[in-house]
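Novice: With the sequence up front, the predicted model follows.
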Amino acid sequence: MSSTETTANKNQGGIQSLEIGLSVLDVLIEYHEPMMLKDIAQAIQMHPAKVHRYLVSLIRKDYARKLSDGRYGLGARVNALGHTSFDQNNILQRLTNAATEIKNAVNCGVQIAKWFSEGPIVIHSFEPDSPISIITRIGSRMPLTSSATGRLFASYQPDTIIKPLVLAEWQGDIDILSSAPTSTSTAKADKAELSVKWQAFTKLQTGIRAQGYATVTGDMLMGINAISIPVILPQSKDVNDISASAKGGLLEYALTIIGTAEQLPLDNQQVMDKILSIAKRYQIA
């Protein structure tokens, strides 16, 4: 390792005591069975008295536990993390399977988007076996107001989160269109315009929640339609409960189907029914 890399690592300012505590936890995880204090100390090459202090802290936070025979094992928090990781992988696998089946059934591109603090981000995409392929690049942030994915997420998140993002998106459009210095009267007009647009957007949100999915027709690309359906997690089936969404992360993922007007006619209910039927079979809608 070069001196530059060594200096960079030192300047990162990690917490050594935390790293040692996690090393103790790593020993318990890797051993798979409860251990005596002396065995943990030997594995980590540390004095037993010092190891004991870290174990006490891990026990207090429920990452470790002490058995009646004096051995130490993993606590409930570690098990909970394991279940969370398993559930997350299980959800993504179901989404992948559903997206693949929908792609084959309607011969359209399908993307999986996940909600992040800055908005919905495309994390997976599936291209159809078709000469015409319209798919969004992985890592792209979808606009909240003009994409089916964005509108869907915007309809199932609290206004306290969505409104600032939407207004910033609109304000960015205004700034791009107007390069001239902004006067006081112009600023007031822009504010009034944003207020009117927000009122219209809230009606759009209500409509999306009522029908259970979001659509766009050529809003981002001329002649391209999109349908975005929410992935409803098991803890709540009430997609209209915005408070549940905020507390439990109800809408963390969405599936969006993208195609030409011929491939994905939004006035064809049979296509929509086929998509929803597949999603429900995988218990994601």
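Specialist: Sure thing, it's come through.
Novice: Nearest residue to residue 230 in space, please, no chain neighbours.
Specialist: If you skip the residues right next to it in sequence, residue 230 has residue 251 as its closest partner in space, 5.2 Å away by Cβ to Cβ, 6 or more residues apart in numbering. Bear in mind the C-beta positions are built from the backbone N, C-alpha and C, glycine included.
Novice: and the one you found, helix, strand or coil?
Specialist: When states are read from DSSP: H, G, I helix; E, B strand; the rest coil, the local structure at residue 251 comes out as coil.
Novice: and it, what is it in contact with?
Specialist: For residue 251, the contacting residues are 115, 152-153, 156-157, 230-232, 239, 245, taking Cβ atoms under 8 Å, 6 or more residues apart in numbering as the criterion.
Novice: any idea how far residue 192 is from it?
Specialist: Distance from residue 251 to residue 192, counting by Cβ to Cβ, to the nearest Å: 31 Å.
Novice: correct me, but residue 169 touches residue 144?
Specialist: Yes: in this structure, residue 169 is within contact of residue 144 by Cβ atoms under 8 Å, at 5.8 Å.
Novice: ranges for the helices of the stretch 51-200 of the chain?
Specialist: Assigned by DSSP state H, counting those that start in this stretch, the stretch 51-200 of the chain shows helices spanning 76-106, 148-155, 159-177, 184-211.
Novice: Which one of those helices lies nearest to residue 67?
Specialist: Within the helices of the stretch 51-200 of the chain, the stretch nearest residue 67 is helix 76-106; the backing value is 13.7 Å (Cβ to Cβ).
Novice: so what's residue 111 bridging to?
Specialist: With DSSP bridges applied, residue 111 shows beta-bridge pairing to residue 125, residue 256.
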